[in-house]
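# For reference, the sequence and a predicted model appear below.
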Amino acid sequence: MKYALFLGCSVPVRGINYELSVREISKVLGIELVDIPEFTCCGFPTKSVKIDSQMLMSAKNISIAEEKGLDIVCLCSACSVTLTETLKEIKEHKDIRDKINDELKTLGFKPVEGKIKIRHFARVLFEDIGIEKIKEKIVKPLTGFSIAAHYGCHYFKPSEAYDHWEDPENPKSLDELIKVTGAESTKYSYRNQCCGGAILGVDKNLAYKMTYEKLQRINEQKADAMVLFCTFCSIMYEGNQKAILKEFEADFNMPVLYITQLLGLAMGISPDTLGFKLNRIRPKEFLQKFEQI
Amino acid sequence: MEDKVIKSDKINPKLKYEIMKIPGGQNLLKCFACGTCTVSCPVWQDDPTFNPRQIVRKIIIGLEEDLLNDDRIWYCTTCYDCYERCPQDVKITELIMALKNYAVTKGVIHQAFTAQVTEIFKFGRLYEVDEFFNKKRSQLGLPELNSESPDVKKIYSETKLEEYVDKSNLQNKSEGEK
Ligand code: SF4
Ligand code: SF4
């Protein structure tokens, strides 16, 4: 199984632990990831300013992958939704397709024909590898761990863009990926709440409040860690966690891991190889508990 | 006391048509004002001054000044909860995107977005993968990445996004260019 790896903006500098763990578990699962130096930002941040620019930037990235005949896997959920929606628009509307393809031609790129698939890495794990096959690779189950799933938003919404593969009110795939490690998926309320990261630059206090509410609810349920699979969500829950908890005078810390780090641990890969040293909230107690299993 | 009456000379009756021309704005008039979007909105739950149903109503009535002079139009996180639940398929997340695009054409843009558009112009990404990061990456066995993209610059000029780049903030170049 071979895919073009779409890193986007934040993974290469703010999510190196994510990238390391994705590459490591891919080796174990027989996933070949192809690096494409010409990939850039997917275009999402420009959408609020000029939709045409976002569409063309997305289409440019899609065109590059199509030329190589490779499906795209994204690590960031915003990349995933932006590229998926753009591809859908190009495929379904001739006027949009003609306009974009004309522009691509002017820029020296091949027209987008709509031959490739674009998916998030977690969805590829779930669909192309499958829970059963992942289970075969689990050698150090995380028995006794309670792990809180954070789906974020763009991984499965708008459900229309994703052909309704997840129930938008009650998504399941991340819970399945947690359970396959032997851990239980923490029950907590209001699980689908957005991290607020998209408005961090617009109203920091409000964004912080949104992030804090979920951290607090997860902490109340005594989860060992929170897992997610989007670098933007991680910047909020992990990168800004110290500042946020200080702001709300809360006295706890919550380890935040990428699902790929959790899977890697259960596959017997060392924490260092999975980039645990790069986690901002040191998962010290978490790893101690893991070693005692 | 504040005057609560909507004055007809404050209305742009064409606003709704302008918004409907922008991709994402097409379903505006389907709204029957049920309020499902508002009660679903995580931003509204924490700050009720951001109210998606009100935004839709204001567009339909044509309260352009009121909308564009209020930072609130930039408060949508694009979580899509309203989009999923709207019984009329208004696609409100996309509609708010269209409204922001319209505001930009009227010279109104939130500086957070100017900053993002500028960074992407400079580096091809929101964050520069500079020498420091490339060194770190290669030490960890990860491929080094380009610290700028001529393709992205071309897209900015082709789609006239260039004019929203903050020209005063272009000096901060990658090491190699200094
Ligand atoms: S949920 Fe849809 S129909 Fe109801 S008020 Fe919001 S946009 Fe209008
Ligand atoms: S997409 Fe925007 S307006 Fe809709 S519920 Fe989410 S934050 Fe609110």
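That came through fine. Keep in mind the model is a prediction, meaning the values are calculated, not measured. Ligands and ions are numbered 1, 2, ... in the order given.

# list the buried ones in the helix or strand encompassing residue A:82?
Using DSSP states H and E, the element containing residue A:82 is helix A:77-92. Within helix A:77-92, the residues that count as buried by 16 or more other C-beta atoms under 10 Å in any protein chain shown are A:77-90. Just so you know, the C-beta spots here come from the backbone N, C-alpha and C atoms, and that holds for glycine as well.

# and if you look at stretch A:142-159?
Those would be A:142, A:145-159, for stretch A:142-159 by 16+ other C-beta under 10 Å.

# Is the helix holding residue A:82 positioned near ligand 2?
No - Helix A:77-92 does not reach ligand 2 (C-beta under 6 Å from any ligand atom); its nearest approach is 11.9 Å.

# who does that helix touch, helix- and strand-wise?
Counting contacts by 3 or more C-beta pairs under 8 Å, 6 or more residues apart in numbering or on different chains; DSSP states H and E, helix A:77-92 packs against helix A:51-67, strand A:71-74, helix A:94-106, strand A:118-120, helix A:231-234.

# and the angle for that helix with helix A:94-106?
Per axes from the mean of the first three to the mean of the last three C-alpha atoms, to 10 degrees, the angle that helix A:77-92 makes with helix A:94-106 is 110 degrees.

# quick revisit: kindly reformat the helices and strands packed on helix A:77-92 as CSV and extend each row with mean pLDDT, mean neighbour count and distance to ligand 2.
What follows is the helices and strands packed on helix A:77-92, written out as CSV (pLDDT from 0 to 100; neighbours: other C-beta atoms under 10 Å in any protein chain shown; distance: least, C-beta to the nearest ligand atom, whole Å):
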stretch, mean pLDDT, mean neighbour count, distance to ligand 2
helix A:51-67, 98, 24, 16
strand A:71-74, 98, 26, 20
helix A:94-106, 97, 15, 22
strand A:118-120, 98, 25, 19
helix A:231-234, 95, 29, 14
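
# Kindly present the ones you listed as a markdown table, with separate columns for distance to chain B.
Putting the helices and strands packed on helix A:77-92 into a markdown table (distance: least, C-beta to the nearest C-beta, whole Å) gives the following:
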| stretch | distance to chain B |
| --- | --- |
| helix A:51-67 | 4 |
| strand A:71-74 | 14 |
| helix A:94-106 | 6 |
| strand A:118-120 | 15 |
| helix A:231-234 | 10 |
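
# quick one: the one residue in chain A that gets nearest to ligand 1 and residue B:37, what's the gap?
Evaluated by C-beta to the nearest ligand atom, chain A has residue A:158 as its residue closest to ligand 1, separated by 13.7 Å. To residue B:37, residue A:158 is 13 Å away according to C-beta to C-beta, to the nearest Å.

# what residues are up against the residue lying farthest from the centre of chain B?
Relative to the mean C-alpha coordinate of chain B, counting by C-alpha atoms, centre = their mean, the farthest residue is residue B:139 (37.2 Å). If a contact means C-beta atoms under 8 Å, 6 or more residues apart in numbering or on different chains, then residue B:139 has no contacts.

# For chain B, what's its nearest residue on the stretch 151-293 of chain A.
residue A:201 (3.1 Å; C-beta to the nearest C-beta).

# Neighbours of that residue, how many?
17 (other C-beta atoms under 10 Å in any protein chain shown).

# Is it in a helix, a strand, or coil?
coil (DSSP: H, G, I helix; E, B strand; the rest coil).

# Could you say which helix or strand holds the residue of chain B found nearest chain A?
The nearest approach of chain B to chain A comes at residue B:112, 3.1 Å away (C-beta to the nearest C-beta). Using DSSP H and E, residue B:112 sits within helix B:111-123.

# Can you show me the helices along chain B?
B:15-21, B:36-40, B:42-46, B:52-61, B:64-68, B:81-85, B:92-105, B:111-123, B:131-139, B:150-158 (DSSP state H).

# Quick check: buried residues in stretch B:62-75?
Applying 16+ other C-beta under 10 Å to stretch B:62-75 flags B:62-64, B:67-68, B:70, B:72-75 as buried.
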